[in-house]
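Asker: How does the following fold in three dimensions:
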Amino acid sequence: MKRLQMKYNLVQMLYWVTTCSLTGYIAVFLQWKGLSNTEIGIVTGMGCILSVVVGPFVSGLIGQIEHLTINKLLTIIIIYQMLIFLLITFLKLPAVIIMILDISIITLSYACVPLLSMICMNHLKVGHYINFGLARGLGSIAYATTAFSIGLFKMALMAIAISVFGVGLYVAMWGDRKIGCFKCRNSNELFTPTFMQYNMRMHLLSTRYLKCPHCKTRTWRKKVMTKEC
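Answerer: Here you go, the predicted structure:
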């Protein structure tokens, strides 16, 4: 359980590092791109307003779209943010396009907050204790530290922060796969799925739709915590 707590702490910390990089210094970044104070105010305001609507919508997609998992959705959002950030940074775009793209980055950044909470709630429902308050507190410390660091090193850290969050999320997803294993009802055998199978298959809490490597059947498998894994 300590390893699970550490991984969740890492996810929260890296998320807030990225959020600080994308939103904490957005005024400086957009001024560098040539936007006026009024345009910057519109971007930040619209991003926050839209996140109120988009956040619940994004969370609801988990149960509405087949094969869509929290891990997969977070990965899609992170890749999108990375690509759009690089696009805005290195290409000369019209102010309107920059505003629209940056609004989408801010909106999706805050829309990830419910997804991080869902990860914790899913573990709690199956008996895996996670101290959410501790993880969230460390996230705040990470945000403050990043804000101070970016103030010193500016643009380089913004790009690095996004990359770090992507790597951190990958590590957390990989480690979560190693905790426990799945039991097949047909062959009565225990097995651990591959990284792609574990994160890209349909799942509900600790149950995933997997193929047993022993009997080759596909059905819903429940994750079990045992010393035999």
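Asker: What residues sit buried inside stretch 123-133?
Answerer: Of the residues in stretch 123-133, 123, 128, 130, 132 count as buried by neighbour count, 16 or more other CB atoms under 10 Å. For glycine as for every other residue, the C-beta is placed from the backbone atoms N, C-alpha and C.
Asker: Endpoints of that stretch, how far apart?
Answerer: Distance between the two ends of stretch 123-133: 15 Å, counting by CA to CA, to the nearest Å.
Asker: neighbours around C48, how many?
Answerer: If you count neighbours by other CB atoms under 10 Å, C48 ends up with 14.
Asker: was I right about it contacting I106?
Answerer: Yes. With contacts counted by CB atoms under 8 Å, C48 reaches I106, the gap being 7.0 Å.
Asker: closest to Y15 among the buried residues of stretch 123-133?
Answerer: Checking the buried residues of stretch 123-133 against Y15 by CB to CB gives F132 as the nearest, at 13.2 Å.
Asker: Not counting sequence-adjacent ones, nearest residue to the one residue sitting closest to the centre of the chain?
Answerer: Note on the chain: the residue nearest the mean C-alpha position is L74, at 4.0 Å, using CA atoms, centre = their mean. Spatial nearest neighbour of L74, excluding adjacent residues (CB to CB, 6 or more residues apart in numbering): L115 at 5.8 Å.
Asker: ok, now which ones touch the one you found?
Answerer: Contacts here follow CB atoms under 8 Å, 6 or more residues apart in numbering; on that basis L115 touches 58-59, 70, 73-74.
Asker: Out of those residues, give me the two with the largest separation.
Answerer: Top of the distance list for the contacts of L115 (CB to CB): S59 and L74, 11.3 Å.
Asker: circling back to that earlier point, out of the contacts of L115, which comes closest to P193?
Answerer: I70 (16.4 Å).
Asker: Distance check, that closest one against I98.
Answerer: As judged by CB to CB, to the nearest Å, I70 and I98 stand 30 Å apart.
Asker: List the contacts of T44.
Answerer: Counted by CB under 8 Å, 6+ apart, T44 has contacts 23, 26-27, 106.
Asker: Buried ones among these?
Answerer: Among these, those scoring as buried are 23, 26, 106 (criterion: 16+ other CB under 10 Å).
Asker: ok, of these, which one's closest to T145?
Answerer: Using CB to CB, T23 is the member of the buried ones among the contacts of T44 that sits closest to T145, with 15.6 Å.
Asker: Pretty sure that closest one sits against I103.
Answerer: No. Taking contacts as CB under 8 Å, T23 lies outside contact range of I103: 11.2 Å.
Asker: so what sits against both of those two?
Answerer: G47.
Asker: how much space is there between I70 and Y80?
Answerer: 16 Å.
Asker: pretty sure R136 contacts Q12?
Answerer: Yes. When contacts are counted by CB under 8 Å, R136 is listed as touching Q12 (6.0 Å).
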